[in-house]
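**Student:** Provided below for reference: sequence and predicted model.
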Amino acid sequence: MNTAATHSAPEEIMALFDHELSPEQAKSVSAHIDDCQECSAMLANFTSISHDLADWRVTPVPQSLATQIGEAAKHSKSLGNLRTPNIFLRAALWTWKQWALGFGLAMATLLLVAVMSIPNLYRSHGTAQTAFLASQGKSGAIASLPTASHDASREALSKLQERQALAEQLQRSESDMQMSTSPIPGPPPLPQAPMIARSVSLSIIVKDFPAARIALDDIFARHHAYAADLKASTVENSARSLTASLRVPASDLAPTLAELKALGRVQEETQNGEEVTQQHADLVARLKNSRETEQRLQAILANRTGKMSDVLEVEQEISRVRGEVESMEAELKNLNHRVDFASVNLTLNEEYQASLGIPPLSAATRLRNAVVSGFRNAGETLLGILLFFAEYGLTLAIWLTIFALPVFLLWRRYRRSLASI
Amino acid sequence: MQQFAQGATDAFSELFERYKQPIFAFFRRRLADPAHAEELTQETFLVIVRGASRYQPRALFRTYLYAIAFKILRAHRRKQAFRATFLGERKSTHDPAARDATDAGLFVRQAVAKLDRTDREILMLREFEELSYAEIAGLLHLPLNTVRSRLFRARMALRGLLQAPAPSAAPKLTESEERA
């Protein structure tokens, strides 16, 4: 009889020793052990090991520890922690997943707070500056400028200071001009109020595009505005849009804008005011000088006699100065036009509503197109990954090489420390 | 534990009296510094107190208790390893308990320290904490059969180590042996 074939597995004997077998198994293995010396010796080994391990004794718990725990428990209870679930039991008990989650949540909260608070800070700062300017009694000029943003307010302040200096300069030049007794026709009167060339950008979403188009023409007619450039686009199965560059009389700008905004929902609005008083004053002064020069040259030509070459030279000079005068007059006219007519860049977008219609393509064709598109997208993605590594792979490899060794050494040291504790 | 969760203070006293020594021994056998063992014992019972309201009797209280103790021990080890690695703190090597232990006890400690880390943990949880295979498997996140085979391997290895000729006089423990 082959007894080895009937031996219990050593792990079964160990399980019997540890009382981990079911009653039936335990009975069977026990019966075998009673008859088998080898298995009996194995069981004796386990008993011996347990006996040896029992020599590893531990000192009793210090009495001070029991007192401390009792007091700590009372303290915790007095705080009512027994009834309050506390998810942050102790940070040291967190796993790396909990740490990662906590860190992620903290960063998300920080980002959210930053996103919410920064625009408010900018807004309150801009409002405070505007209020300060208004309190200085100079809000009239500021009111014509966009006051919502911080940059605009700062720009308004600097322009206000420039304007004061310019007004003084203009007063001086005006008095000088009045003192002169020149017969030359005087330049246009100098502006008393600041000259501002305004430009507005407006983006509006309208529900009824045709009605908005008609209303737009009506607004043009009533406010004597005109479109310097207008482009309307209608693409199938998409929203219609209109882009126009309008010229609106400056005096009618506010009501025109109000009516334009009433066409639909304002998506974006930007207003700018460019101070051109200085530019205008310079141009007027230069024009005056050129006209005086022309006048003197005319006088020379009329009163003096000389060589023919000198006469021709004077005529050439007169011609050059006349050209300059005309150029400056055109520039002045353009400047006045910019001041008189505000520029409005208008964009009207239709609020697109998909219409219910029979799809032009069959389901099979659409499916095929989708598959082709999917393959193309997958290809593009793979190509993008390849391009990324082609572009940055070498740099990444360099940085990895630089950091890999220290990180590896630290990690190995950490693992060794962990294993040795 | 359920009575304690419902507010019976005496129940905690009874729990503490019953488990203070096993939990202290659990930490003491695994840590070199007895002060750390005391600290972690205290921490374990405080976690029990704080988490009493959320306790659900899905397993034996003993399993719940050792699971907390084991988590605290792992957190402590990670913290110590981190400090030793990145902050350069020196690990404690002084073990006053070694002086009080008998020669036989020291010999056993030496032998246990030579076992594989997981095998050693399984063996200690079985022999000292007397956890069942299923409880050990749950605690260490290992399959039941793995626990059984590793326990068998650990016992066989320990038998070999204990049967080897013992060192002559007062053996000088290495750092890891002292901790074990």
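**Tutor:** Perfect, thanks for sending it. Residues are numbered from 1 along each chain as shown, chains lettered A, B, ... in the order given.

**Student:** pLDDT wise, what is the closest residue to A:Leu332 other than its chain neighbours at?
**Tutor:** Take A:Leu332 and drop its neighbours on the chain: the residue closest to it by C-beta to C-beta, 6 or more residues apart in numbering or on different chains is A:Leu283, 5.2 Å away. Placement of C-beta: from N, CA and C, glycine included. As predicted, A:Leu283 sits at a pLDDT of 90.

**Student:** List the contacts of A:Leu283.
**Tutor:** Residues in contact with A:Leu283 (C-beta atoms under 8 Å, 6 or more residues apart in numbering or on different chains) are A:Met328, A:Glu331, A:Leu332, A:Leu335.

**Student:** show me what contacts the most centrally placed residue in chain B?
**Tutor:** The centre of chain B sits closest to B:Phe26, judged by C-alpha atoms, centre = their mean, with a distance of 3.6 Å. Listed by C-beta under 8 Å, 6+ apart, the contact partners of B:Phe26 are B:Tyr66, B:Ala69, B:Leu73, B:Phe128, B:Glu129.

**Student:** Let's see that with 10 Å instead.
**Tutor:** A:58, B:19, B:37, B:40-41, B:44, B:65-66, B:69-70, B:73, B:124-125, B:128-129 (C-beta atoms under 10 Å, 6 or more residues apart in numbering or on different chains).

**Student:** related to what we said a few turns ago, the residue nearest to A:Leu332 falls within a helix, correct?
**Tutor:** Yes: counting by DSSP: H, G, I helix; E, B strand; the rest coil, A:Leu283 is part of a helix.

**Student:** what comes up buried for whatever helix or strand B:His76 lives in?
**Tutor:** Using DSSP states H and E, B:His76 sits in helix B:61-82. By neighbour count on 16 or more other C-beta atoms under 10 Å in any protein chain shown, the buried set for helix B:61-82 is B:61-66, B:68-73, B:75-78, B:80-81.

**Student:** Domain map for chain B?
**Tutor:** B:1-92, B:95-180 (automatic domain parsing).

**Student:** Next, format those domains as CSV and append mean pLDDT and distance to A:Ile318.
**Tutor:** Shown next, in CSV, are the domains of chain B (pLDDT from 0 to 100; distance: least, C-beta to C-beta, whole Å):
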stretch, mean pLDDT, distance to A:Ile318
domain B:1-92, 82, 87
domain B:95-180, 79, 102
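
**Student:** Just the C-alpha atoms of the helix or strand harbouring B:Val147, please, in PDB.
**Tutor:** Assigned by DSSP H and E, B:Val147 belongs to helix B:144-163. Extracted as PDB, the C-alpha positions of helix B:144-163 are listed here (Å, rounded to 0.1, in the frame of the first residue of the first chain):
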ATOM      1  CA  LEU B 144      -7.400  33.500   0.800                       C
ATOM      2  CA  ASN B 145      -5.300  30.700  -0.800                       C
ATOM      3  CA  THR B 146      -2.300  33.100  -1.100                       C
ATOM      4  CA  VAL B 147      -2.600  33.700   2.600                       C
ATOM      5  CA  ARG B 148      -2.600  30.000   3.400                       C
ATOM      6  CA  SER B 149       0.300  29.200   1.100                       C
ATOM      7  CA  ARG B 150       2.400  32.100   2.400                       C
ATOM      8  CA  LEU B 151       1.600  31.200   6.000                       C
ATOM      9  CA  PHE B 152       2.800  27.700   5.300                       C
ATOM     10  CA  ARG B 153       5.900  29.000   3.700                       C
ATOM     11  CA  ALA B 154       6.600  31.300   6.500                       C
ATOM     12  CA  ARG B 155       6.200  28.600   9.100                       C
ATOM     13  CA  MET B 156       8.500  26.300   7.200                       C
ATOM     14  CA  ALA B 157      11.100  29.000   6.800                       C
ATOM     15  CA  LEU B 158      10.800  29.900  10.500                       C
ATOM     16  CA  ARG B 159      11.200  26.200  11.500                       C
ATOM     17  CA  GLY B 160      14.400  26.100   9.400                       C
ATOM     18  CA  LEU B 161      15.700  29.300  11.100                       C
ATOM     19  CA  LEU B 162      14.800  28.100  14.600                       C
ATOM     20  CA  GLN B 163      16.400  24.700  14.100                       C
END
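
**Student:** name the helices or strands packed onto the helix holding B:His76?
**Tutor:** Judged by 3 or more C-beta pairs under 10 Å, 6 or more residues apart in numbering or on different chains; DSSP states H and E, the packing partners of helix B:61-82 are helix A:363-420, helix B:9-30, helix B:34-50, helix B:117-127, helix B:133-140.

**Student:** can you put those helices in TSV and add distance to A:Ala232?
**Tutor:** Formatted as TSV, the entries for those read as follows, by distance: least, C-beta to C-beta, whole Å:
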stretch	distance to A:Ala232
helix A:363-420	30
helix B:9-30	80
helix B:34-50	70
helix B:117-127	76
helix B:133-140	72
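
**Student:** now for those, which one comes closest to A:Gln298?
**Tutor:** Taking C-beta to C-beta, helix A:363-420 is the member of these nearest to A:Gln298, at 69.6 Å.

**Student:** so A:Thr270 sits in a strand?
**Tutor:** Yes: according to three-state DSSP, A:Thr270 belongs to a strand.

**Student:** what about the nearest residue to it once chain neighbours are set aside, how many neighbours?
**Tutor:** Nearest non-adjacent residue to A:Thr270, counting by C-beta to C-beta, 6+ apart: A:Ser201, 4.2 Å away. Using other C-beta atoms under 10 Å in any protein chain shown, A:Ser201 is surrounded by 14 other residues.

**Student:** got a pLDDT number for A:Ser201?
**Tutor:** Reported pLDDT for A:Ser201: 92.

**Student:** again, but for A:Pro85
**Tutor:** According to the model, A:Pro85 scores 39 on pLDDT.

**Student:** same question, A:Thr147
**Tutor:** At A:Thr147, the pLDDT recorded in the model is 41.

**Student:** Equivalent analysis for A:Leu121, please.
**Tutor:** 62.

**Student:** Assign the residue nearest to A:Thr270 to helix, strand or coil.
**Tutor:** A:Ser201 is classified as strand under three-state DSSP.

**Student:** Wait, it touches A:Leu260, no?
**Tutor:** No: taking contacts as C-beta atoms under 10 Å, A:Ser201 lies outside contact range of A:Leu260: 11.5 Å.

**Student:** Name the residues contacting each of the two.
**Tutor:** Joint contacts of A:Ser201 and A:Leu260 (C-beta under 10 Å, 6+ apart) are A:Glu269, A:Val344, A:Leu346.

**Student:** Show the average pLDDT along whichever helix or strand A:Glu71 is part of.
**Tutor:** Assigned by DSSP H and E, A:Glu71 falls within helix A:63-78. In this model, helix A:63-78 has a mean pLDDT of 70.

**Student:** Repeat that for stretch A:271-278.
**Tutor:** 89.

**Student:** Can you list the low-confidence ranges for the stretch 251-400 of chain A?
**Tutor:** Scanning the stretch 251-400 of chain A for pLDDT under 70 picks out A:355-359.

**Student:** make it 90
**Tutor:** A:251-253, A:257, A:260-265, A:267-268, A:274-276, A:278-280, A:294-315, A:335, A:337-338, A:348-366 (pLDDT under 90).

**Student:** Is it correct that A:Thr347 falls within a strand?
**Tutor:** Yes: the assignment for A:Thr347 is a strand, going by three-state DSSP.
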